[in-house]
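Q: Fold the following and give me the result.
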Amino acid sequence: MERKEFRELTPVEEARKLIEQIRVQPEIITLAIEKAVGHIIADDIPSGVDVPAFNRSVKDGYAIHAKDTYQASEPEPVKLKMTGSIPAGCSDTFFAGEGEAIEISTGAPIPDGADAVVMVEQTKGVDDNILVYQPVHINENIMKAGSDIMKGERVLRKNTRIGSREIGVLASVGMKEVPVRKLLVGIISTGNELIEPGNSLGKGLIFDANSYAIAASVEEAGAIPKMYGIIPDDGKMMEEGLDRAIRECHMVLTSGSTSAGVGDIMYKIIEDKGKTLTHGIAIKPGKPVVIGMIDGIPTIGLPGNPTSALSIFNEFVAPIIHNSLGTAPSFRTKVQAVMGTGIRSGGREELFPVGVIRGRAYPADKTSGAITTLSDADGIIEINAETEYIDAGSPVEVTMFGNVRIPDLMYVGGQCPGIDLLEEMTGLVFRTLNRGSSAGFAAISSGTTDIACVNMVDAEGNYNSSTISKMNLENIVLVKGYRRELGLIFTPDNHVDGLEEITSLQLINRNRGSGTRAILERELGTLAEAKGMTKSEFIKNIKGYNSGSKTHRSVCDAVKSGKADVGFGIRAAAEESGLGFVPVTEDEFDFVIRKDLLDIREIQVFLNALRSEEFSRRLPAGIHTYEMTGSIISPF
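A: The predicted structure is shown next:
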């Protein structure tokens, strides 16, 4: 065969542009979660259940009425009668009356009547009674049903690579199987000099390192390697091996036989069978690379030198896999950061979960019982037993979880599909914590978020500015967002005409601290006034008013499943769920941003997207921009 000379090498940037054009269409398959580690989630994963499914204790102690302990002190403890014991996993029914205590284990269900748990360390048993030495407040040491994950809430995003944390989240919401993307990459090593590791190394032979190193790299990138072994420098055998791999895989990688030496013929086979896009890239190491297409299958001939092969893989092949799977490359194991806020340690050695955003680490911990602590964290910092407090600005070393892409911006506050659209349009990665407007204001006040997403209304109908003034927030700006239709949500066969009807229906309300709940309360106050009633009198007649769902989607799920007759939320969520909707009012969904971040690239990209015609055009039904969208208000 004619010997090939490298006459014209493709410039690196041109080669990168070429790679950007290559996409592979993975298959969607379903795997049992125990076999899903390392795979890429094919679609957003909503929870099918509340987590926890019941109110449970987070401490060993006694389930009691909190008010029974308000007078308790070390010198004068309160005596309560112990009436039973509830172990974890118990399904029996218990009731705690006033003046009574029921022994309870961590994870056990809270008995009816009880509204707090006093830790066993704060008590002393005496005969059939306990002495309580410290007061507790309502809901202390109790994890409420759905407080970690609400049914219908998205717990994992599509394109997330599954690791131990994701498996834990999937199992915690009861999922046995998960849809994943399958991108099969065939791997062929060529060369007469190669033998399999484990054999005796004869004269002139070398072990095949490339098959294994490339297979590991393919797996690290999120695809599935399929090894075809070693093929000698024989044209017919190479063709047969390549044909088989092309039939069975989404992409094929070969190593060796791509240079200009005697016996290097893979480049010629690729050229004869398909189309050569480039042969030779102006990069060291790794110049002799062939990129081609055979029957629509990307076929890439890597150099035989292991270092060169891996260099080319990381630079040019891994991006094809990541682009095709919608993933991002893994980050290095340890990163240096500074604490974005102070944290207090428990006086013992601790592995503290943190999120990392633009070099600043923030606490990601919720409670010891919250599985989403893991999915909200990017890594951990190690705190020794002697450290009681780490100041904001202190340097820390973060041990990153595997396959984590560090977020570009942190959002805390209300949930809205408009935020999802902004994330898609900007190409940025958002860390979004849907905890309500009050939590958003608190996070911006403490400096633990970049952006607070808020829709908090005051008595006069003004949105967000009065809350900023009341909290004396400084060094922030209010960026006006967009307007959303809010109203009643119901099933099509159970039509609701207006607010007056909800006194005879079961309501699913939003969580306390959410702007949407405050808006409903204001509307009900107006209705009560028109009826000549006080707001509290009117509200006490509404069944389910004290419920609390964390997102609009979970409100819709409660209505759809029959747990509630009616909910209050945005039109977009109702229509997405195929439910009926009657408008009641419009809110203003705004963004509070720290002043010191206004000029950074990520915030500018966000603002440009918010103000764009494309964003206005793509917003779902019931959400619209207006003349104030994107305007910045400051000071207060």
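
Q: Residue 103 and residue 81 touch, don't they?
A: No: with contact defined as C-beta atoms under 8 Å, residue 103 does not reach residue 81; the gap is 11.8 Å. For the C-beta atoms, the positions are set from N, CA and C on the backbone; glycine is no exception.

Q: the more surrounded of those two?
A: Legend: neighbour count by other C-beta atoms under 10 Å for residue 103 and residue 81, higher for residue 103 (19 against 12).

Q: Which residue, other than its chain neighbours, is closest to the more buried one?
A: residue 85 (4.1 Å; C-beta to C-beta, 6 or more residues apart in numbering).

Q: number of nearby residues for that neighbour?
A: So residue 85, with other C-beta under 10 Å, has 13 neighbours.

Q: quick one: low-confidence ranges for this structure?
A: 1-7, 257-264, 283-287, 307, 329-333, 346-351, 365-376, 385, 401-405, 636 (pLDDT under 70).

Q: what comes up buried for whichever helix in it runs longest?
A: Scanning the chain for the helix with the most residues, using DSSP state H, yields helix 515-530. Across helix 515-530, burial judged by 16 or more other C-beta atoms under 10 Å covers 515, 516, 517, 518, 519, 520, 522, 523, 524, 525, 527, 528.

Q: Was I right to think the fourth one contacts residue 459?
A: No: with contact defined as C-beta under 8 Å, residue 518 and residue 459 do not form a contacting pair (10.2 Å).

Q: Give the closest residue to the most centrally placed residue in the chain in space, chain neighbours not counted.
A: With distances taken as C-alpha atoms, centre = their mean, residue 156 lies nearest the centre of the chain, 5.1 Å away. Counting by C-beta to C-beta, 6+ apart, residue 156 lies nearest to residue 45, which is 4.2 Å off, once chain neighbours are set aside.

Q: Next up, phi/psi of that neighbour, please.
A: phi -110, psi 110 (degrees, to the nearest 10).

Q: same thing with the one 10 residues further on?
A: When quoted as degrees, to the nearest 10, the phi and psi of residue 55 stand at phi -70, psi 130.

Q: That one: how many residues sit nearby?
A: Count around residue 55 with other C-beta under 10 Å applied: 19.

Q: And the one 3 residues further on, by the same measure?
A: Neighbours of residue 58 under the rule other C-beta under 10 Å: 18.

Q: and it, how far is that from residue 142?
A: 7 Å (C-beta to C-beta, to the nearest Å).

Q: overlap in contacts of those two?
A: Here residue 58 and residue 142 have residue 117 as joint contacts, going by C-beta atoms under 8 Å, 6 or more residues apart in numbering.

Q: What segments of the stretch 151-300 of the chain are helices?
A: With DSSP state H, counting those that start in this stretch as the criterion, the stretch 151-300 of the chain has helices at 164-172, 210-220, 235-248, 266-273.

Q: follow-up on the earlier one: for the residue nearest to the centre of the chain, what are its contacts?
A: Counted by C-beta under 8 Å, 6+ apart, residue 156 has contacts 41, 44, 45, 166, 169, 170, 375.

Q: What's the separation between the fourth one and residue 155?
A: Spelled out, that is residue 166. In terms of C-beta to C-beta, residue 166 sits 9 Å off from residue 155.

Q: Same check on residue 29?
A: Distance of residue 29 to residue 155, computed by C-beta to C-beta: 20 Å.

Q: if you count what's nearby, which of these two comes out ahead?
A: Shown here are residue 29 and residue 155; by other C-beta under 10 Å, residue 155 has more neighbours (22 against 13).

Q: Test my guess that the more buried one contacts residue 171.
A: No: Residue 155 lies out of contact with residue 171 (C-beta under 8 Å); the separation is 11.1 Å.

Q: Quick one: the helices of the stretch 151-300 of the chain as TSV, columns for mean neighbour count too.
A: Below are the helices of the stretch 151-300 of the chain laid out as TSV (neighbours: other C-beta atoms under 10 Å):
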stretch	mean neighbour count
helix 164-172	18
helix 210-220	20
helix 235-248	16
helix 266-273	20
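
Q: Quick one, which of these gets closest to residue 425.
A: The closest of the helices of the stretch 151-300 of the chain to residue 425 is helix 164-172. By C-beta to C-beta, the value is 25.8 Å.

Q: elements contacting the closest one?
A: With contacts defined as 3 or more C-beta pairs under 8 Å, 6 or more residues apart in numbering; DSSP states H and E, helix 164-172 has these neighbours: strand 154-156, helix 372-375.

Q: Walk me through which strands the first one pairs with, and which way each runs.
A: Same thing as strand 154-156. Strand pairing for strand 154-156, using DSSP bridges, gives strand 45-46 (antiparallel).

Q: ok now the partner strand, how far from the chain's centre?
A: Centroid separation for strand 45-46 versus its chain: 10 Å, with C-alpha atoms, centre = their mean, to the nearest Å.

Q: Following the chain onward from that strand, which element is next?
A: Downstream of strand 45-46, the next assigned helix or strand under DSSP states H and E is strand 56-57.

Q: who's in contact with that following strand?
A: With contact meaning C-beta under 8 Å, 6+ apart, strand 56-57 is reached by 63, 104-110, 117, 141-143, 369.

Q: Which PyMOL command selects the buried ones in those?
A: Those of the contacts of strand 56-57 that count as buried under 16+ other C-beta under 10 Å are selected in PyMOL with:
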select buried, resi 63+104+105+107+108+109+110+117+141+142+143+369
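
Q: need the contacts of strand 56-57 in CSV with distance to residue 247, can you?
A: As requested, the contacts of strand 56-57 are exported to CSV (distance: C-beta to C-beta, whole Å):
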residue, distance to residue 247
63, 64
104, 61
105, 58
106, 55
107, 52
108, 57
109, 56
110, 59
117, 62
141, 61
142, 59
143, 53
369, 50
